[in-house]
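Visitor: show me the folded form of this:
(chains A and B)
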Number of protein chains: 2
Amino acid sequence: MNRRLEILRRATEVFQRQGVAETSMEDIARAVGIKREAIYYYFNGRSEILLEIFLPQSRALLHSLRGIVEAEMSPTEKLRAAIRTHLLSFNPSYLEMTVAMREPRLDKNNEKLRELRETWKDYGALWVRIVAEGQRTGGFRPNVDARTIAFGLLGMCNWLSRWFDPAGEISIERIIDDYASLAIDGIGLPVHHA
Amino acid sequence: MNRRLEILRRATEVFQRQGVAETSMEDIARAVGIKREAIYYYFNGRSEILLEIFLPQSRALLHSLRGIVEAEMSPTEKLRAAIRTHLLSFNPSYLEMTVAMREPRLDKNNEKLRELRETWKDYGALWVRIVAEGQRTGGFRPNVDARTIAFGLLGMCNWLSRWFDPAGEISIERIIDDYASLAIDGIGLPVHHA
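Guide: Numbers count the residues shown, from 1 in each chain, chains lettered A, B, ... in the order given. Below is the predicted model of the structure:
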């Protein structure tokens, strides 16, 4: 196997097992079976490894969401599909990743970092578009700010980084249902607002 | 002024101005007007400074939420008040803080770190209680998981770390209204589900 690719695979495993924050370059080197210094021949640091892991995932997610936005579905169905796609490809290291991407150590002119930022920007913009389209065509309440709502829903999903346990009692399918229900109908009972 | 307190105040300013991720111990030392080494006499590192800034804020937030939970209000009013209190005392460095608290550098037996974790745990539990009470007394939909919903709403609010600009067009009061509306009634128009 290509050494560079091997480092990425092992790093992914170590990140998943012990969390990004708890993982040092030393840990990754040990998992690959090489010296810490040898990793620096391929990567400038942990942030660069994270970047290489997240960029293809982010590209794939953006691609899926584009398909949803352009599909023949109601705004409600699009929003539900967006929540579903996002949560199914959810990476538990997402929170650490977003923070790591702002570390001073990381070269801000790094071509891949720029692409990741563009990808996230486009991805967020598509969420806003789903909400705004629903407001325009009549499916969604027009009196809320589309960007505030879209980013709120993304935050709701991304927060799983902080609490979701894949081995726990609540399945990801249940969370998808609960969040789609919260997003569309809220937690309040309709009779309560009559 | 007490030197220790002075470091905390200057650090708070620097964190707010340039973001936690972009702030080094060197930056903080420069803001205080002392040598980098001198700060280590008072604090073990950046995470410990962050901890001392966040702990009193977190304690105050927990105290406020306890008052809301015990007040004579409907579940809907309590949820709205919880969102409001949380967003009004919102610290834009929250995301970096949660990540920093998991850094290997930070002593896991640090007494203040343990208190911060307890405080956050109790705080989250109160959010779950508001949702669960509303489900029991009939104000909220019973068919969703209270913990999933409570943590989703907290994530929605905390995500402001990533996008909210205090100098931007959308005010925090508007966001409070939009998020309370989303939480209670959802984005979907009632007629759409008739």
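
Visitor: from here on, contacts and neighbour counts on C-alpha atoms
Guide: Noted.

Visitor: where in chain A is pLDDT low?
Guide: Applying pLDDT under 70 to chain A picks out residues A:1, A:102-106, A:191-194.

Visitor: quickly list the domain ranges of it.
Guide: Listed domain ranges for chain A are A:1-43, A:45-193 (source: automatic domain parsing).

Visitor: ok, which of these comes nearest chain B?
Guide: domain A:45-193 (3.7 Å; Cα to the nearest Cα).

Visitor: thought residue A:139 was touching residue A:75, still the case?
Guide: Yes: contact criterion Cα atoms under 8 Å: residue A:75 and residue A:139 qualify, at 6.4 Å.

Visitor: next secondary structure element downstream of the longest helix seen in chain A?
Guide: Of all the elements of type helix in chain A, the one with the most residues (DSSP state H) is helix A:111-137. The helix or strand immediately downstream of helix A:111-137 is helix A:146-158, counting by DSSP states H and E.

Visitor: and that following helix with helix A:111-137, angle?
Guide: 120 degrees (axes from the mean of the first three to the mean of the last three Cα atoms, to 10 degrees).

Visitor: now do helix A:146-158: distance to the chain's middle.
Guide: 12 Å (Cα atoms, centre = their mean, to the nearest Å).

Visitor: briefly note if that helix comes near chain B.
Guide: Yes: among the residues of helix A:146-158, A:148-149, A:151-158 lie within reach of chain B under Cα under 8 Å from any Cα of the partner chain.

Visitor: what's the neighbour count on residue A:187?
Guide: 29 (other Cα atoms under 10 Å in any protein chain shown).

Visitor: can I assume it is in contact with residue B:141?
Guide: Yes: taking Cα under 8 Å as the definition, residue A:187 is a contact partner of residue B:141 at 5.6 Å.

Visitor: so who does residue A:12 touch?
Guide: Residues near residue A:12 by Cα atoms under 8 Å, 6 or more residues apart in numbering or on different chains: residue A:53.

Visitor: tell me which element it falls in.
Guide: Using DSSP H and E, the element containing residue A:12 is helix A:3-18.

Visitor: next SSE after that helix?
Guide: Next along the chain from helix A:3-18, counting by DSSP H and E, comes helix A:25-32.

Visitor: buried stuff in that next one?
Guide: A:25, A:27-29, A:31-32 (16 or more other Cα atoms under 10 Å in any protein chain shown).

Visitor: list the helices and strands it packs on?
Guide: helix A:3-18, helix A:36-39 (3 or more Cα pairs under 8 Å, 6 or more residues apart in numbering or on different chains; DSSP states H and E).

Visitor: compute the inter-axis angle for the first one and helix A:25-32.
Guide: Between helix A:3-18 and helix A:25-32, the angle comes out at 110 degrees (the same axes, to 10 degrees).

Visitor: quick check, residue A:79 in a helix?
Guide: Yes: under DSSP: H, G, I helix; E, B strand; the rest coil, residue A:79 falls within a helix.

Visitor: how many other residues sit next to it?
Guide: 23.

Visitor: nearest residue to it other than its sequence neighbours?
Guide: Excluding the flanking residues, the one nearest residue A:79 by Cα to Cα, 6 or more residues apart in numbering or on different chains is residue A:130, at 6.7 Å.

Visitor: that neighbour and residue A:80 touch, don't they?
Guide: No: checked against Cα under 8 Å, the pair residue A:130 and residue A:80 is beyond contact range at 10.4 Å.

Visitor: if we can go back for a sec, and of the domains of chain A, who's closest to residue B:14?
Guide: domain A:45-193 (14.6 Å; Cα to Cα).

Visitor: quick check, residue A:146 in contact with residue A:126.
Guide: No: the pair residue A:146 and residue A:126 does not pass the contact test of Cα under 8 Å, sitting 11.0 Å apart.

Visitor: so these two - more neighbours on which side?
Guide: residue A:146 (23 against 19).

Visitor: for the more buried one, what are its contacts?
Guide: A:128-129, A:131-132.

Visitor: out of these, give me the one that has the most neighbours.
Guide: residue A:131 (27 neighbours).

Visitor: any idea how far that one is from residue A:138?
Guide: 11 Å (Cα to Cα, to the nearest Å).

Visitor: ok, residue A:31 to residue A:25 distance?
Guide: 10 Å.

Visitor: and if you look at residue A:186?
Guide: 44 Å.

Visitor: likewise residue A:65?
Guide: Residue A:65 sits at a distance of 34 Å from residue A:25 (criterion: Cα to Cα).

Visitor: just residue A:185 next, same as before
Guide: 46 Å.

Visitor: check residue A:180 too.
Guide: 39 Å.

Visitor: do residue A:119 as well
Guide: 26 Å.

Visitor: distance between the ends of stretch A:100-108?
Guide: OK, stretch A:100-108 end separation, Cα to Cα: 12 Å.

Visitor: go through the domains of chain A and name the closest to residue B:9.
Guide: Between these, domain A:45-193 lies closest to residue B:9; by Cα to Cα that is 22.2 Å.

Visitor: next one: that closest one to chain centre, how far?
Guide: For domain A:45-193 - counting by Cα atoms, centre = their mean - the centre lies 6 Å from the chain centre.

Visitor: just to revisit the earlier point, tell me who's in contact with the residue nearest to residue A:79.
Guide: Residue A:130 touches A:69, A:75, A:78-79, counting by Cα under 8 Å, 6+ apart.

Visitor: the host helix or strand of residue A:85: which residues count as buried?
Guide: Assigned by DSSP H and E, residue A:85 belongs to helix A:75-88. Buried residues in helix A:75-88, counting neighbours by 16+ other Cα under 10 Å, are found at A:75-87.

Visitor: turn these into CSV, columns for distance to residue B:166.
Guide: As requested, the buried residues of helix A:75-88 are exported to CSV (distance: Cα to Cα, whole Å):
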residue, distance to residue B:166
A:75, 30
A:76, 31
A:77, 33
A:78, 31
A:79, 28
A:80, 30
A:81, 32
A:82, 28
A:83, 27
A:84, 31
A:85, 31
A:86, 28
A:87, 29
